[in-house]
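Novice: Pasted the sequence and its predicted model underneath.
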Amino acid sequence: DQQVKQNSPSLSVQEGRISILNCDYTNSMFDYFLWYKKYPAEGPTFLISISSIKDKNEDGRFTVFLNKSAKHLSLHIVPSQPGDSAVYFCAASPPSGSRLTFGEGTQLTVNP
Amino acid sequence: DAGVTQSPTHLIKTRGQQVTLRCSPISGHKSVSWYQQVLGQGPQFIFQYYEKEERGRGNFPDRFSARQFPNYSSELNVNALLLGDSALYLCASSLWWNEFFGPGTRLTVL
């Protein structure tokens, strides 16, 4: 069973506009959530995270929103830049830490 | 500061062979995890080690094993390789929840 799902395999956005990537989870034991960016031939790079005690966390152009009742999180990138083009993975962790469960990824393309 | 390092970068094996992949964590990180990423999917958790002890194991067969050394580096071993073991194997180290990944080892089984 897929406990973390990213329903959009791809997203295309114009430079300067907002990119919104979505993620849903089913396991209510998850209490820490992360977003990673991955370029081809590289390992995933940590972007931003959020604990279940919060509903928003912001770091520069990146903001993550968590809706616990809907078991949904989203990553907003504002403004989007061509260098943001990559595969974005959301991941979830149980209270014991690490042991991440990943979604399938969303390919973001930011067009100049 | 050096990030997570993995060796080798690429590896080609034939079915039935055995393979050992190596990982050095970020300095100061005591936890090392291994993930398998098949093309088109997200990484799947294989093992977590902390202070040389196995802390968690994913849904992988006993052909997969790992260990962590006193210097916190780690090895992942896969025996009796199958075609389906072809994947990118990622190592990650962490202090707490945030896992920091290495570049991976691309394993191809022919």
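Specialist: That came through fine.

Novice: secondary structure element for residue A:92?
Specialist: Element membership of residue A:92, judged by DSSP states H and E, is strand A:86-93.

Novice: What pairs with that strand, parallel or antiparallel?
Specialist: Sheet pairing of strand A:86-93 (DSSP bridges) gives strand A:32-38 (antiparallel), strand A:101-102 (antiparallel), strand A:106-111 (antiparallel).

Novice: Pull that strand out as CSV, backbone CA atoms only.
Specialist: Taking Å, rounded to 0.1, in the frame of the first residue of the first chain, the C-alpha atoms of strand A:86-93 are listed here in CSV:
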residue,chain,number,x,y,z
ALA,A,86,13.9,18.8,-10.8
VAL,A,87,11.9,15.9,-9.3
TYR,A,88,10.4,16.7,-6.0
PHE,A,89,9.7,14.0,-3.4
CYS,A,90,7.7,14.4,-0.3
ALA,A,91,8.5,12.0,2.6
ALA,A,92,7.1,11.2,6.0
SER,A,93,8.7,9.9,9.2
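
Novice: Give me the three-state assignment for residue A:63.
Specialist: In three-state terms, and counting by DSSP: H, G, I helix; E, B strand; the rest coil, residue A:63 is strand.

Novice: For it, give me its contacts.
Specialist: Going by CB atoms under 8 Å, 6 or more residues apart in numbering or on different chains, residue A:63 touches A:48, A:56, A:57, A:75, A:76, A:78. Placement of C-beta: from N, CA and C, glycine included.

Novice: Same list, the strands paired with strand A:86-93, but as JSON lines with distance to residue B:8 please.
Specialist: Output for the strands paired with strand A:86-93, formatted as JSON lines (distance: least, CB to CB, whole Å):
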{"stretch": "strand A:32-38", "distance to residue B:8": "20"}
{"stretch": "strand A:101-102", "distance to residue B:8": "24"}
{"stretch": "strand A:106-111", "distance to residue B:8": "28"}
